[in-house]
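Sharing a sequence plus its predicted fold:
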Amino acid sequence: MPLQWLLDRFQACPHDDAVIWRDAVTTYGELLRQIDAAHEFLSAQQVAAGESVMLDADFSPTAVALLIASLQQQLLVVPVASHVVADRQDLARIAECSRRFHVSASGSYETEHFSHRLGHQLLTTLRDAASPGLVLFSSGSTGRPKAAVHDVDSLVAKFKKPRHKQRLVTFLLFDHIGGFNTMMYGLANQGCLITLEARDPDTVCRAIEQHRAEVLPTSPIFLTLLLMSGRLDHYDLSSLKVINYSTEVMPESTLSQLNARFPDVTFRQSYGLSEVGILRSQSRANDSVWIRVGGEDYQTRVVDGLLHIKARSSMVGYLNAPSPFDQDGWLNTHDEVEVDGRWFRFRGRQSDIINVGGEKVYPAEVESVLFEVENIADATVTKEPHPILGNIVVALVRLQHEEDLQAVASRIRKHCFSKLPDYKVPVKVLLDDGQRVTERFKKKRQD
């Protein structure tokens, strides 16, 4: 049966903490019993192997149990995080789901039936091979969400090798490749998943303090918000050993501040994509944005400044888009990188780069400089069309306290001219009242 090796590890530590949900502890022994109950639920629902089912949930013990039981019964699982704004009906249609299982906060299962039947070749191939599948939808920030289909046996093979037992915060979402990676790493190594009811600085810090979290996987923008929140001194975060940051480029100024605030914490940049999974990574130094990525299951190369990846854990394809892999299995990530031997420095997504008179401007580089300016709580760099230059750089800023915009703009421009070439200096500085953060804690550069 799929994932039996995982349950064998649970059975070896029945009294250890597995999941903390709403401050209540579920041990591995209790999780095993919940997995048995989830199998009984699926049998009562008469779910057949190879069906595509939506799992609308968060990281509650009953949701984790139903996910594992579904994969063991060779289902094709489409996770959707409970609080994510998405058209469930449309996602179900794309993924050809026969039903939706909603896991309530109290742990009960609710079922909604759909009329869809499997017909897509990628899904029927997994069904006919008796292989469990996982369908992950992109955030859709640059268009319609894409549905990446994974063969679970290939995706989780790397977790069979034992690594460190840790207490991890489940910051990244239930339907995110990073969230799935956090869950599988934690459970495969008999660690503890510390769940969150919300993803604001107070809730995250309180969870770390109360449950002695050791690892916080998160995004650079949340870490920036955490620094600016002024809440760090209100909590005991001494249990933290590692902060993994991913999903976008880390501003060097933010990383420098984080190192000053957390001198005993290891900062590690992670890298992964829904299409290939999460790569193993190593930062050159705690305060460095240069990293090595790869591992035994991955190959990397750089073509015309763009990172390409070939992986054993690659998805089998998209349900609603052409395959992004070339004939040899390489994926163009469209992430621009600098190369120094085996080390990479990520500059930004190709789609985010601003062309100013033929020169490239990387928004994250400018944002890092903006964060050094007094009274800047948050900054987002975007562009505006220009008849001669093609584009100009625009800075959207939130202030820590109220101040005349002209004075702020003057200070920003003076500081930027001292640190950046002229073409990278924002031509316009605008106040931005809202937080430009998606529900997946990525920077939102376009409205």
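It's in.

The residue most central in space within the chain: what secondary structure?
By Cα atoms, centre = their mean, the chain has its centre lying nearest to Gly178, at 4.1 Å. The three-state label given to Gly178 by DSSP: H, G, I helix; E, B strand; the rest coil is helix.

For it, list the residues it contacts.
Leu172, Pro217, Ser246, Thr247, Ser270, Gly272, Ile278 (Cβ atoms under 8 Å, 6 or more residues apart in numbering). (C-beta placed from N, C-alpha, C; glycine too.)

Restricted to buried residues, select those residues in ChimeraX.
Buried members of those, defined by 16 or more other Cβ atoms under 10 Å, are picked up in ChimeraX with:
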select :172,217,246,247,270,272,278
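
Return the member of the contacts of Gly178 nearest to Met54.
Taking Cβ to Cβ as the measure, Met54 lies nearest Leu172 of those, at 19.4 Å.

dump the residue contacts of the closest one.
Here Leu172 is in contact with Gly178, Gly179, Asn181, Thr182, Pro217, Thr218, Ser219, Thr247, Arg440 (criterion: Cβ under 8 Å, 6+ apart).

do Trp343 as well
By Cβ under 8 Å, 6+ apart, the neighbours of Trp343 are Arg284, Trp290, Ile291, Arg292.

If it is in a bridge, with which residues?
When bridges are called by DSSP bridges, Trp343 pairs up with Asp340.

And it, how far from Asp335?
Going from Trp343 to Asp335 by Cβ to Cβ, to the nearest Å gives 15 Å.

out of the contacts of Trp343, which are inside strands?
Applying DSSP state E to the contacts of Trp343, the entries found in strands are Trp290, Ile291, Arg292.

hang on, the second one packs against Ser281?
The reference is to Ile291. Yes - Ile291 lies in contact with Ser281 (Cβ atoms under 8 Å); the separation is 5.1 Å.

Give the residues shared as contacts by those two.
Residues within reach of Ile291 and of Ser281 at once, by Cβ under 8 Å, 6+ apart, are Gln269, Tyr271.

and the next element down the chain from the lengthiest helix in the chain?
Secondary structure assigned by DSSP state H gives helix 28-44 as the longest helix of the chain. Next helix or strand after helix 28-44 toward the C-terminus (DSSP states H and E): strand 52-57.

Now that following strand - C-alpha only, PDB.
Taking Å, rounded to 0.1, in the frame of the first residue of the first chain, the C-alpha atoms of strand 52-57 are listed here in PDB:
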ATOM      1  CA  SER A  52     -10.200  12.600  -8.300                       C
ATOM      2  CA  VAL A  53     -11.300  14.200  -5.000                       C
ATOM      3  CA  MET A  54     -10.900  17.800  -3.700                       C
ATOM      4  CA  LEU A  55      -9.700  18.100  -0.100                       C
ATOM      5  CA  ASP A  56     -10.800  21.500   1.200                       C
ATOM      6  CA  ALA A  57      -8.900  21.800   4.500                       C
END
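
Which elements pack onto that strand?
helix 61-72, strand 76-81, helix 88-94, strand 99-103 (3 or more Cβ pairs under 8 Å, 6 or more residues apart in numbering; DSSP states H and E).

could you give me the average pLDDT of it?
Summarised as a single mean, pLDDT over strand 52-57 is 97.

Next: stretch 289-298.
Averaging pLDDT residue by residue across stretch 289-298 gives 88.

Buried residues in that stretch, which are they?
Using 16+ other Cβ under 10 Å as the test for burial, stretch 289-298 gives Val289, Trp290, Ile291, Arg292, Val293, Gly294, Gly295, Asp297, Tyr298.

Cool, thanks, talk later.
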